[in-house]
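> Got a sequence here, can you model it:
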Amino acid sequence: MPNPFYEGPIFFPALSDEAEVKETKKEEPIPTPVPPPAKNPTQKEPKPEDKAKEKPKDEDKDQDKNKDKESKDKATEKPKEFRIDLDGIQNRIVALPTEPGVIRTLAAAKGFIYYSTTPIQGLSGPLPGESSVVHAYDLKEHKNKALMEQVERFALSFDGSKLLYEAEGSGGGHSYGIIDAKPEAQPKKIGDGALSLSSMRSEVDPT
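As a prediction, the model looks like this:
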């Protein structure tokens with residue numbers, strides 16, 4: 001028997017907004033793709049070699065710090081001590097085969113030993129035929145060579161390449177010159193490498 005109170009199926013509304021979300025998704029426009037920026041034909045692309053040469057700034061800073069540290073270490077490094085071992089030195093001394101003479105000045109450089117000799121003095125003065133000479137002994141050839149005669153004093157440069165000499169000049173004065181320290185076949189003469197001291201001035205403080 002049909003129910004007199006039945007009025008047909010009852011429909012309930014949706015409790016969520018899922019349907020609205022689906023509709024909004026469908027209505028959203030699809031974004032159009034943006035093309036990449038056009039390349040400048042005049043601009044050259046960097047080569048791989050150039051990219052490899054480029055170093056990061058942090059790496060350059062580290063290298064500068066290391067260089068500064070090495071320079072500081074070298075500055076604080078103490079020089080090596082130079083000591084002559086006197087024990088048994090008589091067995092290590094080598095006598096140079098030179099003629100007997102009065103030696104006044106002695107100097108050494110790479111490959112050479114320089115010394116000056118003066119005439120032997122007698123009761124009546126210097127022996128005739130003798131004069132002061134600057135000698136250079138060649139340690140490689142084991143030969144003694146006369147570098148310059150009539151020299152009163154000499155001084156060797158720090159690197160041993162030049163020699164400053166003092167000789168008796170005209171009028172009772174003195175003459176000075178600078179010559180090469182390496183000996184040649186013939187001795188050098190007074191006046192070689194002469195220095196002009198005419199414009200030299202000196203300051204005198206009488207107090």
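
> In three-state terms, label Leu164 for me.
Classification of Leu164 using DSSP: H, G, I helix; E, B strand; the rest coil returns strand.

> what's Ser199 sitting at in phi/psi?
phi -100, psi 10 (degrees, to the nearest 10).

> Neighbours of it, how many?
By other Cβ atoms under 10 Å, 5 other residues sit near Ser199. In short, each C-beta sits where N, CA and C put it, glycine included.

> That one and Tyr114, how far apart?
Separation of Ser199 from Tyr114 (Cβ to Cβ, to the nearest Å) stands at 30 Å.

> Please name the bridge partners of Ile113.
Note on Ile113: beta-bridge partners Ala108, Tyr137, judged by DSSP bridges.

> Identify the residues contacting it.
Contacts for Ile113 (Cβ atoms under 8 Å, 6 or more residues apart in numbering) come out as 96, 106-107, 136-137, 139.

> May I see those residues arranged in TSV, with neighbour count as well?
Converted to TSV, the contacts of Ile113 look like this (neighbours: other Cβ atoms under 10 Å):
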residue	neighbour count
Leu96	11
Leu106	10
Ala107	18
Ala136	23
Tyr137	19
Leu139	14
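
> Name the nearest of the residues you listed relative to Thr207.
Distance to Thr207, by Cβ to Cβ, is smallest for Ala107 among the contacts of Ile113, at 37.4 Å.

> give me the element Lys72 is part of.
Using DSSP states H and E, Lys72 sits in helix 57-76.

> returning to what we had before: from the contacts of Ile113, pick the one nearest Ala194.
Nearest to Ala194 among the contacts of Ile113, counting by Cβ to Cβ, is Ala136 at 20.2 Å.
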